[in-house]
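Participant: I would like the atomic coordinates for the input below:
(one chain, ligands or ions: 2)
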Amino acid sequence: MMSRTKFVSNWGGVVSVPETYVYPPEKRFGISVKKSIPVIDWSDDRALLLKRVHDVTQEFGFVQVINHGVPKTLVEEMMKIMKEFHGMSAEDKERECSKDPDKSCKVYTSSQNYENEQIHLWKDTFKLRCHPNLDKNLEFWPQNPPKLREVVKAYIVMIEKFASEILEVLSEGLGLEKGYFRGEMSKNPEFLAHHYPPCPNPSLTVGLSQHADPTLITILFQDVNGLQFLKDGQWIDVDPLPDAFLVNLGYVFEVISNGKLKAAEHRVVTNSTTSRQTLVYVVYPENDVTIEPSKCFINEANPPHYRSLEFKDFYNKLMSKPPDRKTAMEFISFDQL
Ligand SMILES: O=C(O)CCC(=O)C(=O)O
Ligand SMILES: [Fe+2]
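Facilitator: Ligands and ions are numbered 1, 2, ... in the order given. Just a heads-up that it's a prediction; the model follows:
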């Protein structure tokens, strides 16, 4: 057999699923249901927005947002550039991502733990760091496709603005002090572009396993459906709404709210007909920030349900082997589940 590159995006026309991508029957994804998920119009009046965001995140932990202020043309340009990037040869992608001495700008396939995986995920990922100085980081980003740096920078500037607006609304809605999530709590964002090429047998494979994000919040754009959220024991298939961002809460948010709001569990299925791509902006605290329940949510009736941890310890533990919720809770929570 001809040797293949490790990137699934470079396997054009593959007709069968290699053995190392076949999940054992008990780990394959079961059924999902089609259900509409809540939509928030960001151009609504602020009082209405506060109430809607609060109610919806409390019930769901994820929401679609329209009229978010990031121009449609910019999102389209980002999708195009990232498709071009993932479509480049394996050598070109690796060369373009080898400029960063910190390796914070990288391309990888499956999870970041590829070497130690038994079964791989049907996806490739491009990832870069956005802080502390976007222009300095940008010098290490790919120069091919030629417009990548310019377009990614413009996108990150816009999405950062939207992220800070959401965090402001969430903190106000929860009764946290103004600006609670500003500064060190949110100033460590990363950007990822996942690419899931068509898969000859989706029922055997996994795009991304069940997880919740180790983030404060995550903001995602998807062009084709594939993302599913777990709610009340059912997997809900999120049909992409044109131009909407999907916002979900991560474990950091859950800890700060002392469990009042929950991180949303999700997964990604593959499909046989089209490639799927997502733009993902993950908002993390700085590494040395202590993550713990805010005093606002602690009183005699509500003792802290989560431990205090430095963000880097929290993150490393949750990322070393993307855990299911039970494993994650054993590490971050005092409660026995
Ligand atoms: O690509 C997707 O739809 C989901 C990505 C995701 O869940 C993640 O990056 O944590
Ligand atoms: Fe995720």
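Participant: Kindly list the main-chain dihedrals of E150?
Facilitator: phi -60, psi -50 (degrees, to the nearest 10).
Participant: That one and ligand 1, how far apart?
Facilitator: Distance check for E150 against ligand 1: by CB to the nearest ligand atom, to the nearest Å, it reads 24 Å. C-beta here means a position set from N, CA and C on the backbone, and glycine is covered the same way.
Participant: So what's the residue count around that residue?
Facilitator: With neighbours defined by other CB atoms under 10 Å, the count for E150 comes to 12.
Participant: which residues sit in contact with it?
Facilitator: If a contact means CB atoms under 8 Å, 6 or more residues apart in numbering, then E150 has no contacts.
Participant: now N271
Facilitator: By CB under 8 Å, 6+ apart, the contact set of N271 is 196, 198-199, 202, 224, 226.
Participant: low-confidence ranges in the chain?
Facilitator: In the predicted model of the chain, residues 1-3, 321-323, 336-337 satisfy pLDDT under 70.
Participant: one step back: now rank the contacts of N271 by neighbours and give me the top one.
Facilitator: Neighbour-wise, these (other CB under 10 Å) top out at Y196, 29 neighbours.
Participant: residues in contact with it?
Facilitator: 8, 122-123, 207, 226, 268, 270-271, 275-277 are the contacts of Y196 under CB under 8 Å, 6+ apart.
Participant: can we see that at 6 Å?
Facilitator: 123, 207, 270, 276 (CB atoms under 6 Å, 6 or more residues apart in numbering).
Participant: taking the contacts of N271 one by one, which sit in strands?
Facilitator: Judged by DSSP state E, the contacts of N271 include Y196 as members of strands.
Participant: Need the contacts of N271 in a markdown table (columns: distance to ligand 1).
Facilitator: Below are those laid out as a markdown table (distance: CB to the nearest ligand atom, whole Å):
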| residue | distance to ligand 1 |
| --- | --- |
| Y196 | 7 |
| P198 | 15 |
| C199 | 14 |
| P202 | 14 |
| V224 | 10 |
| G226 | 6 |
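Participant: Among the contacts of N271, pick out the one closest to H131, please.
Facilitator: Y196 (27.0 Å; CB to CB).
Participant: Report the beta-bridge partners for the closest one.
Facilitator: Note on Y196: beta-bridge partners by DSSP bridges are R276.
Participant: What is the neighbour count of T20?
Facilitator: Other residues close to T20 by other CB under 10 Å number 10.
Participant: Please read the previous query as pertaining to I236.
Facilitator: By other CB under 10 Å, neighbour count at I236 equals 20.
Participant: May I ask you to confirm that P189 is in contact with P132?
Facilitator: No. Contact criterion CB atoms under 6 Å: P189 and P132 do not qualify, at 10.5 Å.
Participant: Just want to know which of these two has more residues nearby.
Facilitator: More neighbours surround P189 than the other of P189 and P132, with 21 against 10 (other CB under 10 Å).
Participant: And the helix or strand containing S171, what's buried?
Facilitator: In this assignment (DSSP states H and E), S171 forms part of helix 148-174. Residues 148-149, 151-156, 158-160, 162-164, 166-174 are the ones in helix 148-174 that count as buried (16 or more other CB atoms under 10 Å).
Participant: Repeat that for stretch 107-116.
Facilitator: In terms of neighbour count (16+ other CB under 10 Å), stretch 107-116 has its buried residues at 107-111.
Participant: now do stretch 58-72
Facilitator: Neighbour count says stretch 58-72 has 60-65, 68, 70 buried, by 16+ other CB under 10 Å.
Participant: So which of the residues you listed sit within strands?
Facilitator: Going by DSSP E, the strands hold 62-65 from the buried residues of stretch 58-72.
Participant: Out of those, which is nearest to ligand 1?
Facilitator: Within those, proximity to ligand 1 (CB to the nearest ligand atom) peaks at F62, which comes in at 10.5 Å.
Participant: tell me which parts of the stretch 51-200 of the chain are close to ligand 1?
Facilitator: Within reach of ligand 1 by CB under 6 Å from any ligand atom, the stretch 51-200 of the chain has these residues: 192, 194.
Participant: which residue does the stretch 51-200 of the chain bring closest to ligand 1?
Facilitator: Counting by CB to the nearest ligand atom, the stretch 51-200 of the chain gets nearest ligand 1 through H194, at 4.2 Å.
Participant: sec struct for that residue, please.
Facilitator: Three-state call for H194 (DSSP: H, G, I helix; E, B strand; the rest coil): strand.
Participant: I156 contacts C130, correct?
Facilitator: Yes. At 5.1 Å, I156 counts as touching C130 under the criterion of CB under 6 Å.
Participant: anything in contact with each of these two?
Facilitator: Common contact partners of I156 and C130 (CB under 6 Å, 6+ apart): none.
Participant: Near Y315, how many other residues are there?
Facilitator: Using other CB under 10 Å, Y315 has 20 neighbouring residues.
Participant: tell me which element it is part of?
Facilitator: Judged by DSSP H and E, Y315 forms part of helix 311-320.
Participant: Give the next helix or strand downstream of that helix.
Facilitator: According to DSSP H and E, the helix or strand after helix 311-320 is helix 325-332.
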